[in-house]
Structures are given as C-alpha cells and as structure tokens.
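Enquirer: coordinates only, sequence not included:
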C-alpha cells in the first residue's frame, strides 16, 4: 500500500524517537515527554477550546466552528500514552481533526488517573464514571461516538464491555487507533521481529521497552479473565460497531 506524504513524515518521526522510547524507565522521564507533546499540540482551524468540565467531570472540550457540523453529535476521545503519560492537552490536535472529519458538533476528552498516580483499574473506573455521567446528562447515548488510541483505545473497548455487562447505554460507534490490548505483554507479536512496530520497530528488546508501562499500570495485577484485565475479554458480542486501525491495517466489525 502506497503511503501518503503525511503518513511518510509521521513514520519518519516515529522512527526518530524509537531510541528515546527504549530508554524511558522513570516517571520523571515520561513527564518530560508529556510536556514536549503538549508544546507541539495545536488545534486545527475550525476548532476552538470551549471549557474544562462536562457532565460534572474534568474534561477538555472543543467546539466545531464549521458550518457542516452535525448538531447534537459528540465525539468522546480517550487519549493514549501507555497508561503512564499523556493528557487531553497532548492529544487535542489529533482528536480535534477527527471531530472535524466526522462533522461532530463537539469533542469531549475525559481525564483519567495515570498509572503513576494509581494502578489499574483506576483509569478504567474514571472513564466509566465519566461515561455514565455523560449519558445521564444527555438522556442517552444517541449521537455519541467513542474513540481512542493506544492505551486510550484499550480503555474505550473495556468501557464498552463493562457498559454492556452492566446494562449501560453504549456509544453509537467506536474507533480504535493502534489499540494496546495486550498489557500483559504475553502475545507472540512482541517477539516477532518480522513486525515493524510503529514505535519500537523490529528491535530485539522492544518488549522490554513496554515493560515499565505495563508494570506501572498493573503492578502485578494482570490476570486474564479478571476485572483487572477486562480488555482481554474473549468476546465483544453485543458491543457497538467498531473500526480499528493499526499501521497500514484497518478492520471494521459489527457485533
């Protein structure tokens, strides 16, 4: 598949930061990365930051100023960062572009506790609490789509599974961008050097680069099938239509 010039530049940028990512082991180092990401995040033309709270929770909110926006349609975007770093401020530029592309009227980016503050399932509980408050305030989930990348995509999927199990209203559609679903680092893909991962490439020690985030997230609490690892649920039957992308691969599923 031929890459666009923009995709090629992104790929080059990811490759340039691989040596740095393999050396991140301390929360202070992750904080430096987050501050750098915040400085480079910019809202696109046609988007305006509009508030710091929604549904009684701390969020970053962005309004679509374009005339083609769809009134009443909202995008909830959960930021990534390996559960250990990142914030709505670091990802607002990318999320706002998704909002504009989907012609959503508004964008909501909930805040959740990082693994440096509290272990799993704190982040999952924070996102779920925000979702429940949002649909209560709106009177349902009609017109609300859910999206996230990396760890944020993990939280989106686990939110859908939990909401389904508890009978809570589900989003109309879900988009998962490069989801990090195997926090236990047990999958064969971590050791398959034929796979050129966007962040860690084909480096023989790339699995070790994910270990600090995995350990700080779970603190030894990952067990397949348990609530601390809901993202590993073997079935997503009953969840909303989902589209996911990873590198040059994309897939859509309706369950």
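Expert: Happy to help now that I have it. Model, not experiment: these values are computed from the prediction. Numbers count the residues shown, from 1 in each chain.
Enquirer: strands of the stretch 151-255 of the chain, residue ranges please.
Expert: 173-177, 242-246, 249-253 (DSSP state E, counting those that start in this stretch).
Enquirer: and stretch 138-146, what's buried?
Expert: 141, 143, 144, 145, 146 (16 or more other Cβ atoms under 10 Å). Backbone N, C-alpha and C define where each C-beta goes, glycine included.
Enquirer: ok, back up a step: hey, least reliable of the strands of the stretch 151-255 of the chain by pLDDT?
Expert: The weakest mean pLDDT among those belongs to strand 249-253, with a mean of 54.
Enquirer: what's the most distant pair in the buried residues of stretch 138-146?
Expert: 143 and 146 (11.8 Å; Cβ to Cβ).
Enquirer: which residues sit against stretch 156-166?
Expert: Stretch 156-166 has contacts (Cβ atoms under 8 Å, 6 or more residues apart in numbering) with 78, 124, 127-128, 131, 146-148, 168-171, 174, 176, 179, 181, 230-231, 233, 236, 238-240, 242.
Enquirer: mind checking the SS state of residue 61?
Expert: strand (DSSP: H, G, I helix; E, B strand; the rest coil).
Enquirer: that one and residue 54 touch, don't they?
Expert: Yes. Here residue 61 reaches residue 54: they are 5.6 Å apart, a contact under Cβ atoms under 8 Å.
Enquirer: for those two, list the residues in contact with both.
Expert: With Cβ under 8 Å, 6+ apart, residue 61 and residue 54 have common neighbours residue 108.
Enquirer: who's more crowded, those two?
Expert: residue 54 (21 against 18; other Cβ atoms under 10 Å).
Enquirer: may I have the phi/psi pair for the more buried one?
Expert: Dihedral angles phi and psi of residue 54 (degrees, to the nearest 10) take the values phi -160, psi 140.
Enquirer: and the gap between it and residue 62?
Expert: In this view, residue 54 and residue 62 are 11 Å apart by Cβ to Cβ, to the nearest Å.
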